[in-house]
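In: quick one, structure for this:
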Amino acid sequence: MNSSIRLSVLFALLALGGCSQGGGSPAPVDTPPPIDLPPPSDEVPFTVLTTRTLDADGDMVGLDAYDLIRDFGGPNPIEAPDLYPINHPGVRHIYEDYDPDIGNHFVFISHRDIDIDRDRVENDDRQRNEIKTYASSEEAVKGFENETFIYRWKFKINASMEVSTRFTHLFQLKAVGGEDSHPILTISGAERSGADGIEVRYSPLQADTILDREVWSMVTGEWLEAYCRVTFADSGDLRLIVTRMSDDAVIFDLDERGLDLWRGEDPSHFVRPKWGIYRSILDWDNLRPDEESVRFANFSVSEVMPTN
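Out: Residues are numbered from 1 along each chain as shown. Sure, this is the predicted structure:
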């Protein structure tokens, strides 16, 4: 049973329970938004071929956060420090929470002085708390050559979070196979010329190009909504829109054509999304020792076919 069907059954049972029982109020549970959200008004027309979603169902209600993520991404889509005995066990690094603005959502946390990158103790210059799709995920969440995908999600960066002169990736499109050492596209935080900012990075092979950048204070402590359409090809297209939900302010609106958005060399190679906190800790003093958090909600991955 997929996550969307399971949630529908859960809400029906909760409604029946609420009619037959008195007493205290249950934990807040919001119905996830419809998966067929309209595209931006100036977006090209397309036909949706497949859609997979990931929604939190409420703390202490329904499935555990990690089970929800596994239903979406496969048996091992979570790269959280608590899943590795040598890393930071005993502290759940992805959990569910609720707020009145967005409803149920996931919270990803990171600790500068404790967390490492999975179980790779040799990677002592970085730390990671991410979810992903990967080789064992279903085909519907893997982007193959010349396919077009739309990724949608919401996220909120902790109001006090600081970034370094290196990188803090909050979203990645990463190749699996071919030249896959560097992400193709990221939404990242970084300090430049003494000022923190959020930026869209594109990597034609090894070199990073900054497609757009805004000041950090525009996005911290605010729910943001992201829309990312990508055609995975040697000359591919990218449409990326990030808006601030409180006032509909547009943070990024990119419409790029002819970008090298493919790294594969074999029909089995693909591109997958990653969400969470993946950051360098080389610039140690620029990062707070306090626990950092980024909240995420309403993930959606759709394969589409342009209809023009």
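In: dump the residue contacts of V107.
Out: I94, Y95, E96, D97, S293, V294, R295 (Cβ atoms under 8 Å, 6 or more residues apart in numbering). In short, each C-beta sits where N, CA and C put it, glycine included.
In: now, which of the residues you listed lie within strands?
Out: I94, Y95, E96, D97, S293, V294, R295 (DSSP state E).
In: which pair of those spans the longest distance?
Out: Distance extremes for the ones in strands among the contacts of V107: the farthest pair is E96 and V294 at 14.2 Å, using Cβ to Cβ.
In: which element is the residue nearest the centre of the chain on?
Out: Nearest residue to the geometric centre of the chain (Cα atoms, centre = their mean): W275, 2.9 Å. Using DSSP states H and E, W275 sits in strand 270-280.
In: that strand: how far from the chain's middle?
Out: Distance, stretch centre to chain centre, for strand 270-280: 7 Å (Cα atoms, centre = their mean, to the nearest Å).
In: heads up, I number from 29, so please use that
Out: Let's use 29 as the start, then, which means that last one is strand 298-308.
In: give me the buried positions along that strand.
Out: The neighbour-count check on strand 298-308 (16 or more other Cβ atoms under 10 Å) flags F298, V299, R300, P301, K302, W303, G304, I305, Y306, R307, S308 as buried.
In: return the member of these nearest to T176.
Out: The closest of the buried residues of strand 298-308, once distances to T176 are taken by Cβ to Cβ, is V299, at 11.4 Å.
In: need the contact list for the closest residue to that closest one other than its chain neighbours.
Out: Among residues not flanking V299 along the chain, G171 sits closest, at 4.2 Å (Cβ to Cβ, 6 or more residues apart in numbering). Applying Cβ under 8 Å, 6+ apart, we find G171 in contact with F177, L201, V258, F260, F298, V299, R300, E331.
In: what bridges to the residue nearest to the centre of the chain?
Out: Counting by DSSP bridges, W303 forms beta bridges with I159, F199.
In: hang on, it packs against I159?
Out: Yes - using Cβ atoms under 8 Å, W303 is in contact with I159, at 5.6 Å.
In: give me phi/psi at D95?
Out: phi -70, psi -40 (degrees, to the nearest 10).
In: ugh, wrong one, I meant A168
Out: Here is the backbone geometry of A168 (degrees, to the nearest 10): phi -70, psi -20.
In: elements contacting the strand holding W303?
Out: Counting contacts by 3 or more Cβ pairs under 8 Å, 6 or more residues apart in numbering; DSSP states H and E, strand 298-308 packs against strand 131-138, strand 154-160, strand 176-185, strand 196-204, strand 320-334.
In: again, only this time at 10 Å
Out: strand 106-107, strand 131-138, strand 154-160, strand 176-185, strand 196-204, strand 213-220, strand 251-259, strand 320-334 (3 or more Cβ pairs under 10 Å, 6 or more residues apart in numbering; DSSP states H and E).
In: now those in a markdown table, with mean pLDDT and distance to I114?
Out: Formatted as a markdown table, the helices and strands packed on strand 298-308 follow (pLDDT from 0 to 100; distance: least, Cβ to Cβ, whole Å):
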| stretch | mean pLDDT | distance to I114 |
| --- | --- | --- |
| strand 106-107 | 98 | 14 |
| strand 131-138 | 98 | 17 |
| strand 154-160 | 98 | 13 |
| strand 176-185 | 98 | 28 |
| strand 196-204 | 98 | 22 |
| strand 213-220 | 98 | 27 |
| strand 251-259 | 98 | 33 |
| strand 320-334 | 97 | 21 |
